[in-house]
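> build me a model:
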Amino acid sequence: MKKSTTKLGESALQVYRQLLLNKKAEFLVALGINFHRLTETAQATGTDPEQLLQEESVRVRLNRVLYGQLRQVQEALDRLDLGEYGYCQACGVPIAPKRLQAVPWTRYCLLCQEKTGSLPLPELIGVGGRI
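Got it, this is the predicted structure:
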């Protein structure tokens, strides 16, 4: 489904590629930090086992969310390489640049996203305060 003409210019595509690469690096760092903390929690001694279990559970769920976001970022990079980036996967129309700036890995235009009723969890949770 390669788009022969893109509404986004080559310079805009490079900006989005850099945003996605930065986000990918950010998620990888966050996963590494969380994994390190998970390991520390598992090795902790003398701490309440119930508290350790709760901390471990939270970290495992956080890793799942971070990994989901990382996967979405990689899929967006793949779409960029295929010439499909910036187009809604549901209706095929170009995604608004403001939406791509806010959530560069998004697959859907705002209208199609609203039809689903809610944003996917990885779009709700950002790393570094940015969604």
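
> buried ones in stretch 50-63?
Neighbour counts over stretch 50-63 (16 or more other CB atoms under 10 Å) mark Glu55, Arg59, Leu62 as buried. C-beta here means a position set from N, CA and C on the backbone, and glycine is covered the same way.

> can you give me the helices in this protein?
For the chain, the helices defined by DSSP state H occupy 10-43, 49-82, 97-102, 110-115, 121-124.

> a markdown table for those, including distance to Cys91 and mean pLDDT?
Formatted as a markdown table, the helices of the chain follow (distance: least, CB to CB, whole Å; pLDDT from 0 to 100):
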| stretch | distance to Cys91 | mean pLDDT |
| --- | --- | --- |
| helix 10-43 | 20 | 90 |
| helix 49-82 | 15 | 92 |
| helix 97-102 | 14 | 93 |
| helix 110-115 | 6 | 90 |
| helix 121-124 | 18 | 50 |
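
> any chance of those helices in JSON lines with distance to Gln89 as columns?
Converted to JSON lines, those look like this (distance: least, CB to CB, whole Å):
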{"stretch": "helix 10-43", "distance to Gln89": "16"}
{"stretch": "helix 49-82", "distance to Gln89": "8"}
{"stretch": "helix 97-102", "distance to Gln89": "13"}
{"stretch": "helix 110-115", "distance to Gln89": "8"}
{"stretch": "helix 121-124", "distance to Gln89": "14"}
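
> mind checking which of the ones you listed is nearest Ala90?
Closest approach to Ala90 among the helices of the chain (CB to CB): helix 110-115, 4.0 Å.
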